[in-house]
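**Q** this one's structure only:
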């Protein structure tokens, strides 16, 4: 069976993925943002499951996790799956990726998690704290559900690790454009492009670049090298600015999101 992610990755080399934290800042607004994003002109939606110790995330995403955990009065994984189920009723074609830390998945049960993800329409899973060397079991379980386990490559990844990931990856490789945690940055380093060359010499697997991607400048800089971008902190920063000290307005949030998507797509 073809994965929705495979279909979109073969159609374009300008893939735009936007991220939201499940449950942030509360149920009502989170559900609205998810619906707006899913209806927008993005190619892929990435939904992060909040975690109390999000080691790969910068301050912006960490804050969304903490607020979501406080705001959601039900198990956060179940809430996230229900959100995805509702989105799937509106759009069967747009790929959805879950980003979750390993501890949450272990607590839920890897097999149960994979089956629930499949039944609700998830196409791929990113686990930022899962070392490649320890991923075989989870990858096999996800493969059985036709869900891609997305591997991450960083500027500090060794050539040997990059080669192993390139040979074993499915879906796409999530290239982390900067060391450390997520967050917006001004420029991308030359080291990124050296590592991407290593991947391309080994595999034709698509590459999406995330962590620090925040502007049209970044998108243009990346386009000759990768198949697309993943944007998280910058969108959340813009939403936060609108929500701060203002009454919530769904129409204004919708306008902000769609203008941001258009800005990155143009």
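**A** Yep, that arrived. Quick caveat: nothing in here was measured; it's all calculated off a predicted structure. Numbering: from 1, shown residues only.
**Q** now for the longest helix seen in the chain, which elements pack on it?
**A** Longest helix of the chain, by residue count under DSSP state H: helix 250-265. If contacts are counted by 3 or more C-beta pairs under 8 Å, 6 or more residues apart in numbering; DSSP states H and E, helix 250-265 sits against strand 15-21, helix 27-39, helix 216-222, helix 233-243. Bear in mind the C-beta positions are built from the backbone N, C-alpha and C, glycine included.
**Q** ok, residue 265 - how many residues close by?
**A** 14 (other C-beta atoms under 10 Å).
**Q** what's the mean pLDDT across stretch 10-22?
**A** On average, the pLDDT along stretch 10-22 is 90.
**Q** quick one on the thing from earlier: mind putting the helices and strands packed on helix 250-265 into JSON lines with distance to residue 255?
**A** Formatted as JSON lines, the helices and strands packed on helix 250-265 follow (distance: least, C-beta to C-beta, whole Å):
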{"stretch": "strand 15-21", "distance to residue 255": "15"}
{"stretch": "helix 27-39", "distance to residue 255": "9"}
{"stretch": "helix 216-222", "distance to residue 255": "18"}
{"stretch": "helix 233-243", "distance to residue 255": "10"}
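**Q** quick check: which of these is buried the most?
**A** Burial of the helices and strands packed on helix 250-265 is given as mean neighbour count (mean count of other C-beta atoms under 10 Å); strand 15-21 ranks first at a mean of 24.
**Q** list of residues touching that strand?
**A** Residues outside strand 15-21 that contact it (C-beta atoms under 8 Å, 6 or more residues apart in numbering) are 8-9, 30, 33-34, 37, 40-48, 50, 61, 64-65, 68, 97, 99, 206, 208, 210, 227-232, 235-236, 261, 264-265.
**Q** which stretches of the stretch 1-150 of the chain form helices?
**A** With helices called from DSSP state H, counting those that start in this stretch, the stretch 1-150 of the chain shows them at 4-11, 27-39, 59-71, 76-88, 102-108, 110-120, 136-144.
**Q** ok, of those helices, where does mean pLDDT dip lowest?
**A** helix 59-71 (a mean of 86).
**Q** now that one: how far from the chain's centre is it?
**A** Its chain's C-alpha centre lies 16 Å from the corresponding centre of helix 59-71 when counted by C-alpha atoms, centre = their mean, to the nearest Å.
**Q** who are the packing partners of that helix?
**A** strand 15-21, strand 44-48, helix 233-243.
**Q** make JSON lines out of the ones you listed and add distance to residue 156.
**A** Below are the helices and strands packed on helix 59-71 laid out as JSON lines (distance: least, C-beta to C-beta, whole Å):
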{"stretch": "strand 15-21", "distance to residue 156": "22"}
{"stretch": "strand 44-48", "distance to residue 156": "23"}
{"stretch": "helix 233-243", "distance to residue 156": "20"}
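**Q** who wins for proximity to residue 127 among those?
**A** Closest approach to residue 127 among the helices and strands packed on helix 59-71 (C-beta to C-beta): strand 44-48, 11.4 Å.
**Q** for the stretch 101-250 of the chain, give me the ranges with low pLDDT.
**A** Under the criterion pLDDT under 70, the flagged ranges of the stretch 101-250 of the chain are 178-189, 245.
**Q** ok, residue 200 to residue 166 distance?
**A** From residue 200 across to residue 166, the span is 9 Å (C-beta to C-beta, to the nearest Å).
**Q** tell me which of the two has more neighbours.
**A** Per other C-beta under 10 Å, whichever of residue 200 and residue 166 has more neighbours is residue 166, with 20 against 14.
**Q** for the more buried one, give me its contacts.
**A** Counted by C-beta under 8 Å, 6+ apart, residue 166 has contacts 173, 198, 199, 202, 203, 205.
**Q** sec struct for it, please.
**A** Per DSSP: H, G, I helix; E, B strand; the rest coil, the local secondary structure of residue 166 is helix.
**Q** what does the one 4 residues further on give?
**A** For residue 170, the reduced secondary structure class is coil; criterion used: three-state DSSP.
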